[in-house]
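Asker: Just the structure for this:
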Amino acid sequence: MRKVKLLPIVLLFISLSSCITKHEEKKETLSESANDSVKLVESHDVFFELDKETSLKTSFITILEKEKDSSILVYLNEQKPAIYFYDINNQKLLNQILLHKEGPNAVGTPTGLFIQSMDSIYVISSSYYRVTLINGLGEAIRTYRLLGDDKPNVNTGMLRPFTISPPVVIDKKMYFNVAPDRDVYDKSYYNGNVNLVLNLNNGDFEYFNSYPKEFNDGVWGVAAVNFSSAFVKHKNQFVYSFSISDSIYVFDVDNKKIKGYLSKTSSLTAPQEPMRKPSNQYDLRYALQATYYDGIIYDKYREVYYRFVRHPLSLQEDESPNFYDFHRKPISVIILDRKFNKIGETKLKNNTYQSFMYFLSKDGLYISNSNPNNPDVKEDKAGFTCFKLEEI
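Answerer: You can find the predicted model right below:
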């Protein structure tokens, strides 16, 4: 079988430049529903200064909570590579850990992190199928290899340790989302596993869970590989947002059961259609004209869930699309209560935000405003807009 080794669409975003051609935007059909009881409202912006070696786009950011209302923003620089730590209150750089590309402390090309403490950090390299435990000096303490002597095959998967699907540790076991090592233009792709659990004590690992059954109806393109998860600690549950599914899925770690809850965008009036001609040649146009669900976030401070949606673009038959056009896809955020009832959906300002870069704090939901189409982008500062949850 032909293997198609393609990076998830999140990583494709990172490689895009900021030179964009202007197009006429599609008229939006999304509006506030009479049933909406809450909405997200822009509050204020914060900016974190970057050095010349750090991109405005990263595959991984997170928040470390500290005592006395102080928190730290963690920002991964994949190219340098390095980990930056910022004070969330004043946006000042506190510390950085340089990562090694070669030698005994090499971590591969980093794509995500799990931070146990400032002196105990797991660095994940998707393309190397490797997890490396380092200390605060960047020195390797232990390395876990998730391929062994094997090569990627239909029974393996590439780790997805991103902002939208961060690794989680439960009882010395690290849980990951994975993208099956299969041909994305073959229906059998969606028979592959979507999760992996790594035993941090002995290094054993196993794959489990599969895509929802609606994926079996066709081929959905490279962008459909993208899916997100949020861990709800007090329930010991993972909540999944799959790209073409109108439902979110809840996986209970204790009883291993999965249950779906409808979480549909108001703008989608008909079921998503699969690709008519499954191939790389038609994939880009299909992805730009499709509705895709994106990140899922659990807001423990307000006991709600946020689910990002990327809406279609209108393309002329003779128009030649490119990857930059993904930045033009309109974004909305569905809001669910703690029982997964939809209580609102907020459309975000076009050409402003990045739906794969965000973090949560007591103040609200912070979404990256470093969309290359945003005329206010500061090339040396990573900008985020704080959104507050308000009743309508």
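
Asker: hey, what's residue 388 bridged with?
Answerer: With DSSP bridges applied, residue 388 shows beta-bridge pairing to residue 41.

Asker: Counting neighbours, what do you get for it?
Answerer: As a burial measure, residue 388 scores 14 neighbours (other C-beta atoms under 10 Å). From N, CA and C alone the C-beta is placed, and that goes for glycine too.

Asker: In contact with it, which residues?
Answerer: Listed by C-beta atoms under 8 Å, 6 or more residues apart in numbering, the contact set of residue 388 reads 40, 41, 43, 363, 364.

Asker: Most neighbours among those, which one is it?
Answerer: Counting neighbours by other C-beta under 10 Å, the top entry in the contacts of residue 388 is residue 40, with 23 neighbours.

Asker: quick one: it and residue 335 touch, right?
Answerer: Yes: using C-beta atoms under 8 Å, residue 40 makes contact with residue 335 at a distance of 7.1 Å.

Asker: Need the overlap of contacts for those two.
Answerer: Shared contacts of residue 40 and residue 335, defined by C-beta under 8 Å, 6+ apart, are found at 306, 344, 346, 389.

Asker: So the third one versus residue 385, what's the distance?
Answerer: Noted for residue 346: a distance of 12 Å to residue 385, by C-beta to C-beta, to the nearest Å.

Asker: who touches both of the two?
Answerer: By C-beta under 8 Å, 6+ apart, no residue touches both residue 346 and residue 385.

Asker: what number of residues lie near residue 77?
Answerer: 20.

Asker: Show me what it is bridged to.
Answerer: Bridge pairing for residue 77 - DSSP bridges - gives residue 82.

Asker: And for residue 177?
Answerer: residue 195.

Asker: Cross-check the contact I'm expecting between it and residue 231.
Answerer: No: here residue 177 lies out of contact with residue 231, judged by C-beta under 8 Å, at a distance of 11.1 Å.

Asker: Compare the two and say which is more crowded by neighbours.
Answerer: residue 177 (26 against 18).

Asker: Return the distance of the more buried one relative to residue 46.
Answerer: Separation of residue 177 from residue 46 (C-beta to C-beta): 28 Å.

Asker: Just the helices from the protein, written as ranges.
Answerer: Ranges of helices in the chain, per DSSP state H, are 9-14, 280-288.

Asker: weakest of these in terms of mean pLDDT?
Answerer: Mean pLDDT values for the helices of the chain show the minimum at helix 9-14, a mean of 38.
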